[in-house]
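**Q** fold the following.
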Amino acid sequence: MSSGMVGEAGIGQAATRRQIAAWGLWDWGSAAFNAVILTFVFSVYLTDAVGDDLPGSVSASTWLGWSLGLAGFCIAVLAPVSGQRFDATGRRKRSLAVLTFLTVAAMAAMFFVVDDYHYLWLGLVLLGFASVIFELAGVPYNAMMRQVSTPENIGRVSGFGWAMGYFGGIVLLLVCYLGFIAGDGDTRGFLDITTDGGMNIRLVALLAAVWLAVFAIPVLVMVPEAPRTSADPGAAKAGFVDSYRVLWRDVRELWAVDRRTVGFLIASALFRDGLAGVFTFGAVLAVNVYGLASDSVLLFGVAANVVAALGAIVAGRFDDRIGPKSVIVGSLAAMIVVGVVLLVISGTLMFWVFGLLLCLFVGPAQSSARTFLARVTPPGREGQMFGLYATTGRAVSFLAPTLFGFFAWWFGADRAGIVGLLVVLGVGLAALLAVRAPEREVAGALPG
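**A** Numbers count the residues shown, from 1 in each chain. Here you go, the predicted model:
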């Protein structure tokens, strides 16, 4: 099959409104893992309930950090060669289906993690395994973005997907909180679910598994499989070890032919870590620095996700008109300015105003980073490039947390941790400024 055939079949062939909506629903469903399992509910249950009375000198939180660290290493090692194989074998959608099913199965199995420290290890294994598989599923999913978009609307499509993820997280978190978690006593939520053995949280894990499974179905049904490609010679027949030789060959060729892509992977890894740090440490700063009440953090989190989603939707239109680099640069510059303001203000009202303003620019930067890579990736190599995207992101994921902690320690104040986040965003912005923007001709061209 010629590369021209791959390009014609792989870019915009499935770009109907229904297929775009089906693709976006996977993002909506993915919030079940990101928001409920990994961030706000199940991971907290493991450390605060299941492992609360864990014997020994190592805390449950430490074990959680180590297990997720190991998962991150596995993702970094496996993502690029997995994406490479998905492309070469023409099994992008099938791979998404299998990986999503395995994630759902691991989430459903979390129901068996009883509130007893003997079950902590089961919870950690399931969470670590699910983290790896879910991140790997994101590789073919992101690669499919080109199948449901054209060079003229890819920014809007990407922004729509990011927004669906934000809104899906909001809806599911509210359902879980109101139905299973809110209140005190032996039963919780308006469903009066017992807390005995952590039953209410275990049912939340089960609900999250069903949520992801249901909303993953449309993309698997409505978006066709990408054709098998010969854009990466030798990748289809390479074994596990040989896949890394193919990957190294491709990276060297990429460096020789188009250093822009390599430069963007490095720059995006830096500023994406800064973006992640904003959400990671936002709640800590809200309570400890700006005096936000603990029960108001969830409300701020909901508002922050709404604002970030709206920002992603609006910025998608600018992405298509002026290009993704301009959107990312503008967003990062605005975030740095707002971050400097946050360093000097105090009080809950000011935090609500400038904290939400900061979040307004997170969604656009995330969404346009995805479209930038899609626009410069050779047709038929999307999976491999988004695999490298995941790997480079993991490679520097220690920067924002480390610098946040360093500056907070150096100045003896949590507020100073903001400086660490601004440094990461600033370095990422500087690296991005040196990267040439995608040309409109490159974005729209099909190889002959």
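
**Q** okay, and for the stretch 1-150 of the chain, where does confidence drop off?
**A** 1-15, 88-90 (pLDDT under 70).

**Q** that one: helices as residue ranges?
**A** 3-10, 17-31, 42-45, 60-89, 92-109, 120-143 (DSSP state H, counting those that start in this stretch).

**Q** next one: the stretch 201-350 of the chain
**A** Going by DSSP H, counting those that start in this stretch, the stretch 201-350 of the chain shows helices at 240-257, 259-288, 294-322, 324-344, 348-360.

**Q** weakest of those helices by average pLDDT?
**A** Note on those: helix 240-257 shows the lowest mean pLDDT, a mean of 76.

**Q** the inter-axis angle of that one versus helix 60-89?
**A** Here helix 240-257 points in a direction 80 degrees away from that of helix 60-89 (axes from the mean of the first three to the mean of the last three C-alpha atoms, to 10 degrees).

**Q** picking that back up, quick one, which of the helices of the stretch 201-350 of the chain is nearest to Ala216?
**A** Among these, helix 294-322 comes nearest to Ala216, with 19.8 Å by C-beta to C-beta. Every C-beta, even on glycine, is put in place using the N, C-alpha and C of the backbone.

**Q** helices and strands around the closest one, which ones?
**A** helix 154-176, helix 259-288, helix 324-344, helix 348-360, helix 362-376 (3 or more C-beta pairs under 8 Å, 6 or more residues apart in numbering; DSSP states H and E).

**Q** re earlier: quick one, which of the helices of the stretch 1-150 of the chain is nearest to Ala431?
**A** helix 60-89 (19.3 Å).

**Q** mind listing what's buried in that closest one?
**A** 60, 63-64, 67-68, 71-72, 74-76, 78-89 (16 or more other C-beta atoms under 10 Å).

**Q** and if you look at stretch 404-424?
**A** For stretch 404-424, by 16+ other C-beta under 10 Å, it's 404, 407-408, 414-424.

**Q** and it, end to end?
**A** 10 Å (C-alpha to C-alpha, to the nearest Å).

**Q** before we move on, what about stretch 30-47?
**A** First residue to last in stretch 30-47 (C-alpha to C-alpha) measures 23 Å.

**Q** quick one: contacts of that stretch?
**A** 59-61, 64, 103, 107, 110, 113, 115, 120, 123-124, 127, 130-131, 134, 138, 165-166, 168-169, 172-173, 176, 181, 198, 201, 204-205, 207-209, 211-212, 301 (C-beta atoms under 8 Å, 6 or more residues apart in numbering).

**Q** once you drop chain neighbours, what's closest to Asn75?
**A** Careful, residue 75 is Ile and not Asn. Glu135 (4.6 Å; C-beta to C-beta, 6 or more residues apart in numbering).
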